[in-house]
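Chemist: Just to be clear, the model below is a prediction. Sequence and coordinates:
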Amino acid sequence: MITLRRSAAALAVTVVLGAVAAPGASAAPTPTPVAIPSGLYGKGDPTFDGVFRQSLALLAQDRVGVEPAAKAVDWLTGQQCDNGGFPAFRPEPGTPCDAKTQLDTNMTAAAVQALKALGGQDATVTKAVGWLKSVQNADGGWPSWPGSPSDANSTSIVIGALQAVGEKPADVKGKDGKSPLQALLGFQVNCDGKPGNQGAFGFQPDKDGKLAPNADATAAVVTAAAGRGGFVIDVPKEKNRPIEAAPGCKEGIADPRTAASAGSAYLARTMDENGGFLKAPPMPGSEATDKPDVGNTADAVVALAADGHKDAAQKSADWLAKNSAPWAKASGPAAYAQLIFAAHATGMDPSAFGGTDLVRELNATGPAPRGEKAADGAENKDDAEKKADGGSSTAWWVIGAAFVASVGAGLLISMRNKKNKQL
């Protein structure tokens, strides 16, 4: 569900193609090192994912009752432009945004969810939601970058932001009179007689207008269509809802709830066939592999839980508990956040997730939360001073991701990129 992975992959491809097409260019330019702000979680280059990973970190800490450092939330709010939108990263927040500032719906929607959970940021959240509505496409959906065609993941994450602030997505319509939930139905894949594709959703049509099954997009659609929230879901209180057979291709998907059920069937079936996980999609021009996509599996666990399929979600959550530690350690804070979301969705303890304390590992990737000491034993003086001054900034913590660094190097990270080297 982390659309950034796809955006990052697209960016990487663009960089590579641009280097090839540029007259006289023999190699991609060397990226300029970016200084990591003290309030930002993660040590990877934040150019493409700073706001996104920070927002996931804040949400994860809020879910487990940890109060992050005040400078972490200050960094996030400082990234907002005057019009309400958020870019991925602004190295100089004090400088006004201009026409060159690339605002992003994914960054903005993630920030809305985090800051709403944080509380005390109503003005910032209201401006951000207003900006999101202003860039909604006529078909009711959203792209990552305004002016582009809508895609399933961006539309889904904005739906999560609308739900977080109490808006009804069905009432937020584009110029064509369609809501974002109706837009999601347009991403259902026509399986063309291939039973294995039934119920799947695609990210975005190709140049010929065709949609390819995409597990990441399907998980995003299921979570959004189930109406349980965004990254952090409201876990259904009802008993387990069995997986239903997916309807035939382009048949029976007449409403969001049916769409969610169809997508859940696709996810559960696919993970069952793999032994409890989703496989990483092949890189452009390469053959498919059996390598697990841990991040997308975590997203799928949240999606299944949001749709009430507790047993199916638990099966893959157990797989994650046994196999996710190396991936999370290599990928960074956003990975820990995704696993915390999956643990919460299935009622598992994130502080003892397959032998890993996800909360402790997440805290260690950024500024020490309030009441805790930094890795070097120093007190969190920043927050202590704010408390003494009666400051009202609520402390939160952020997430960093090494995957973005790989993007600059040309490594494509399967959309939502944290999956192989996390967003």
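Modeler: On my side now, so go ahead.
Chemist: Enumerate every residue touching Q314.
Modeler: Taking C-beta atoms under 8 Å, 6 or more residues apart in numbering, we find Q314 in contact with T346. All C-beta spots, glycine's among them, are computed from the backbone N, C-alpha and C.
Chemist: For the strand or helix carrying it, could you pull out the residues that count as buried?
Modeler: Taking DSSP states H and E as the criterion, Q314 maps to helix 310-323. Across helix 310-323, burial judged by 16 or more other C-beta atoms under 10 Å covers K310, A312, A313, Q314, K315, S316, A317, W319, L320, A321.
Chemist: Tell me the helix or strand right after that helix.
Modeler: Following helix 310-323 toward the C-terminus (DSSP H and E): helix 325-331.
Chemist: Tell me which other helices or strands that following helix touches.
Modeler: helix 294-306, helix 333-345, helix 358-363, helix 418-421 (3 or more C-beta pairs under 8 Å, 6 or more residues apart in numbering; DSSP states H and E).
Chemist: What's the mean pLDDT across the second one?
Modeler: Which is helix 333-345. When pLDDT is averaged over helix 333-345, the result is 96.
Chemist: Mind exporting the C-alpha coordinates of it to CSV?
Modeler: Taking Å, rounded to 0.1, in the frame of the first residue of the first chain, the C-alpha atoms of helix 333-345 are listed here in CSV:
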residue,chain,number,x,y,z
PRO,A,333,12.1,2.4,10.2
ALA,A,334,9.4,2.3,7.6
ALA,A,335,9.7,-1.5,7.6
TYR,A,336,9.3,-1.7,11.3
ALA,A,337,6.2,0.5,11.0
GLN,A,338,4.6,-1.8,8.5
LEU,A,339,5.2,-4.8,10.7
ILE,A,340,3.8,-2.9,13.7
PHE,A,341,0.7,-2.2,11.6
ALA,A,342,0.4,-5.9,10.7
ALA,A,343,0.9,-7.0,14.3
HIS,A,344,-1.8,-4.6,15.5
ALA,A,345,-4.2,-5.8,12.8
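Chemist: chain center to it, what's the gap?
Modeler: 11 Å (C-alpha atoms, centre = their mean, to the nearest Å).
Chemist: Give me the packing partners of that helix, helices and strands only.
Modeler: Short answer (3+ C-beta pairs under 8 Å, 6+ apart): helix 333-345 packs on helix 50-64, helix 294-306, helix 310-323, helix 325-331, helix 358-363, helix 418-421.
Chemist: Surely F353 and Q338 touch.
Modeler: No. Using C-beta atoms under 8 Å, F353 is not in contact with Q338, being 11.5 Å away.
Chemist: okay, these two: which has more neighbours?
Modeler: Q338 (35 against 24; other C-beta atoms under 10 Å).
Chemist: State the distance from that one to A265.
Modeler: Separation of Q338 from A265 (C-beta to C-beta, to the nearest Å): 23 Å.
Chemist: The closest residue to G186 other than its chain neighbours: how many residues sit nearby?
Modeler: Leaving aside its sequence neighbours, G186 sits nearest to D139 (C-beta to C-beta, 6 or more residues apart in numbering; 7.1 Å). D139 has 19 neighbouring residues, counting by other C-beta under 10 Å.
Chemist: burial count for the closest residue to V66 other than its chain neighbours?
Modeler: Nearest residue to V66, sequence neighbours excluded (C-beta to C-beta, 6+ apart): P369, at 5.1 Å. Using other C-beta under 10 Å, P369 has 22 other residues around it.
Chemist: So what does P369 have for phi and psi?
Modeler: For P369, the backbone dihedrals (degrees, to the nearest 10) come out as phi -60, psi 160.
Chemist: what about A312, distance to I340?
Modeler: From A312 to I340 the distance is 20 Å (C-beta to C-beta).
Chemist: ok, now Q163?
Modeler: Q163 is 20 Å from I340, by C-beta to C-beta.
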